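Student: Okay, structure incoming, though there's no sequence with it:
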């Protein structure tokens, strides 16, 4: 785990579409859409919308084992696809599931072989992974894919009328690597200058880091036309990679799109009563049907889990949805 002084942020990019004829995903796959892949020993019905009661669509699956833990670990995010619901926190659900290492092998030794995945198309979101499945060429290819695809189009429904979204692999890159090449910096500068001209706000350049060149956080002291300095900071932070669909930094700080309110405070874990910590957030580039600014996910700090002899349910965690104050700027 990265220390608080040097938080490691991973950025998720939409990669190739999952072809059911060539690929079969498993709980180790990071993906957008499709049906959830539960690890061995976990049984979970599709959650329902807290507002309208319809079954929720599976939006994102992340494989995120923790360092020095004996468990495989997954997070699944679900959302209501109705226009009136997708921007509300009570219309989203996040479920955490775990299984002991070796449980997969024990169960599959008595059954069919495990599902096959496309090599290097899915990455582990854990602290000890050596290869994030993303070379420089891969970054650009994933970026191109995400910019031209409408990711969240409904493609089918199962017999229980659960909406199913088109499935895509998620590829991963460390955020720090996004500013390693001069052409990336030049692109970021152009984006920032365009944003400054459009909004009448000076947010500084990416080459100066968080404070835009050592003069303090100047963007915090300026006001865009919409009057939201928090949103200005959000735009600056993602300008190096506007196509990012997910940010992962367990124990780090979320990137707010607007000033957080009381409903963004994570309550204690409903399973063990312990404190929760921020783990990941979905970004506005993901939405093609769902409308939101960002979806913040907080999970049990101790990642509590009760193993049993039979199938058990996943643990519900906490998510908070912030609407986009200027939706048109992401179009």
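Tutor: Alright, I've got the coordinates. As the structure is a prediction and not an experimental result, all values here were calculated from the model.
Student: Which residues does the closest residue to residue 306 other than its chain neighbours form beta bridges with?
Tutor: Spatially, and ignoring its direct neighbours in sequence, residue 306 is nearest to residue 312 (6.9 Å; CB to CB, 6 or more residues apart in numbering). Quick note: C-beta positions are derived from backbone N, CA and C, even for glycine. Applying DSSP bridges to residue 312 gives these bridge partners: residue 42.
Student: so residue 312 touches residue 44, yeah?
Tutor: No: counting by CB atoms under 8 Å, residue 312 does not reach residue 44; the two are 9.1 Å apart.
Student: shared neighbours of the two, anything?
Tutor: Residues touching both residue 312 and residue 44 (CB atoms under 8 Å, 6 or more residues apart in numbering): there are none.
Student: Do you know the pLDDT at residue 218?
Tutor: On pLDDT, residue 218 comes in at 42.
Student: for the one 5 residues further on, same thing?
Tutor: With respect to pLDDT, residue 223 scores 45.
Student: do the same with the one 4 residues further on
Tutor: Per-residue confidence (pLDDT) for residue 227: 51.
Student: and if you look at residue 140?
Tutor: pLDDT, residue 140: 52.
Student: same check, this time on residue 118
Tutor: Reported pLDDT for residue 118: 43.
Student: can you check residue 287 too?
Tutor: In this prediction, residue 287 carries a pLDDT score of 75.
Student: Count the neighbours of it for me.
Tutor: Residue 287: 23 surrounding residues under other CB atoms under 10 Å.
Student: Distance of it relative to residue 256?
Tutor: For residue 287, the distance to residue 256 equals 17 Å [CB to CB, to the nearest Å].
Student: again, but for residue 20
Tutor: For residue 20, the distance to residue 256 (CB to CB) stands at 37 Å.
Student: Who has more neighbours out of those two?
Tutor: residue 256 (18 against 10).
Student: Tell me the secondary structure at that one.
Tutor: coil (DSSP: H, G, I helix; E, B strand; the rest coil).
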